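Q: Please find the sequence and the predicted model below.
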Amino acid sequence: MDIKDLIPRSGNDTYRIGDSDDLVVMESIATVPSGKICLQSHGIIIIVTQGIAQFEYDGVVIKLQKDDLFLYMSHSIVQNFMTSSDFNCRQVWFTRGELWDINLYARTSLSDLTYLKQHPVVHLTEDDVTLLDDYFQLLCRRMKDNSPILYSDIVRSLSCTMMLEILAMLRRSEGQKDESDMQEGGLPGFHKRRLAEKFMQMLEQSDGRVRKVDDFASELNITPKYLSTILKETMNRRPSDMIHFFTMKAIEHRLRYTDMTMQEIANDLNFPNASFFGKYFKKYSGMTPLEYRVKYQNGEVKSE
């Protein structure tokens with residue numbers, strides 16, 4: 001489902017940079033979509049300001065109340081929405097490309113991804129609520145006024161700072177959960193999570209060049225089936241999902257920040273040929289590699 005089907009394209013409570021859907025901020029959302037949602041390119045930060053909500057997130061029942069923050073990660077399935085009559089929330093939608101623009105990738109650890117997938121909800125303290133409210137109001141105010149010469153840079157700087165604050169809150173919650181697990185004798189789960197983190201470290205080190213689950217399982221001295229079990233328990237994801245995530249991250253970096261041709265990128269990342277590489281990228285991004293480069297390099301494209 002496309003983001004345009006889920007949010008208003010204009011309105012007093014919705015802000016975006018130009019006509020782009022890469023970063024969309026909504027001050028007040030009282031309605032929720034019906035049916036099943038699985039966004040391929042967007043993540044969503046939801047902060048409940050009033051009422052309660054319940055839905056299934058990759059098969060796990062999520063319950064939200066006032067001052068809860070929920071992080072939706074792309075490719076996850078959300079369905080069976082239910083809300084109270086007074087429900088309302090704030091939302092920030094962002095794409096992977098937008099995360100590159102605000103440089104959040106450089107500040108996000110691998111352990112964040114495993115933890116956030118397993119624990120996507122954090123209850124905000126009173127100080128958290130006040131702080132995020134200040135950020136949110138300032139971000140919305142700056143997005144309303146697109147007159148400054150450095151408008152896009154100002155907005156992205158503000159959104160990056162707010163997301164870093166949210167990341168800090170989630171990491172604080174992670175530390176509290178780790179301590180609780182150890183006190184309650186949750187050692188087996190702790191080790192499985194560390195094994196999942198090792199898998200993800202290997203993924204990042206491979207930089208998109210290794211894409212077979214069997215190869216990673218062999219390096220970890222476990223079976224592919226057990227690796228799948230660990231990822232299911234810790235992140236509710238398949239190993240192949242994370243392989244595609246890091247492969248796309250590697251491809252996007254080369255398209256945005258290098259002048260490598262499509263053939264050179266295909267060779268560097270061990271694709272059989274440029275045609276196979278192009279089909280792979282379009283399958284998971286919805287764009288051809290050239291379309292992506294034009295969009296994010298302001299038209300400065302190297303001739304192929």
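A: Okay, I see it. Predicted model, so just to flag it, every value in this text is computed and none were measured. Numbers count the residues shown, from 1 in each chain.

Q: what's the closest non-adjacent residue to Arg237?
A: If the residues on either side of it in the chain are set aside, Arg237 comes closest to Leu231, at 5.4 Å by Cβ to Cβ, 6 or more residues apart in numbering. Using the backbone N, CA and C atoms, a C-beta is placed for each residue, glycine as well.

Q: what's the weakest-modelled helix or strand in this structure?
A: Across the helices and strands of the chain, mean pLDDT, DSSP states H and E gives its lowest value to helix 110-118, namely a mean of 62.

Q: which residues does the residue nearest to Arg237 contact?
A: Contact analysis of Leu231 by Cβ atoms under 8 Å, 6 or more residues apart in numbering lists Ala196, Phe199, Arg237, Arg238, Pro239, Asp241, Met242.

Q: show me where this structure has strands.
A: 14-16, 23-29, 42-50, 53-57, 60-64, 68-72, 78-83, 88-95, 121-123 (DSSP state E).

Q: Pro224 is nearest to which of those?
A: When the strands of the chain are compared by Cβ to Cβ, strand 60-64 sits nearest Pro224, at 23.7 Å.

Q: With pLDDT, distance to Glu264 and neighbour count as added columns, please give the contacts of Leu231 in a markdown table.
A: Formatted as a markdown table, the entries for the contacts of Leu231 read as follows, by pLDDT from 0 to 100; distance: Cβ to Cβ, whole Å; neighbours: other Cβ atoms under 10 Å:
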| residue | pLDDT | distance to Glu264 | neighbour count |
| --- | --- | --- | --- |
| Ala196 | 83 | 33 | 27 |
| Phe199 | 90 | 28 | 25 |
| Arg237 | 79 | 31 | 21 |
| Arg238 | 87 | 30 | 14 |
| Pro239 | 91 | 28 | 23 |
| Asp241 | 86 | 27 | 14 |
| Met242 | 86 | 25 | 21 |
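
Q: which ones among those residues are found in helices?
A: Secondary structure assignment (DSSP state H) places Ala196, Phe199, Pro239, Asp241, Met242 from the contacts of Leu231 within helices.

Q: Next one: the closest residue to the second one other than its chain neighbours, what pLDDT does it get?
A: Computed as Cβ to Cβ, 6+ apart, the closest residue to Phe199 that is not its neighbour in sequence is Phe216, at 5.9 Å. pLDDT, Phe216: 94.

Q: cool, and Pro33?
A: What the model reports as pLDDT for Pro33 is 72.

Q: go on, Pro8?
A: Per-residue confidence for Pro8 comes out at a pLDDT of 48.

Q: shaky segments in the stretch 51-200 of the chain?
A: Residues of the stretch 51-200 of the chain meeting the criterion pLDDT under 70: 100-115, 117, 173-190.

Q: returning to that earlier point: as CSV, the strands of the chain with distance to Gly208 would be great.
A: Output for these, formatted as CSV (distance: least, Cβ to Cβ, whole Å):
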stretch, distance to Gly208
strand 14-16, 30
strand 23-29, 25
strand 42-50, 20
strand 53-57, 27
strand 60-64, 29
strand 68-72, 24
strand 78-83, 28
strand 88-95, 19
strand 121-123, 31
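
Q: That concludes my questions; thank you for your assistance.
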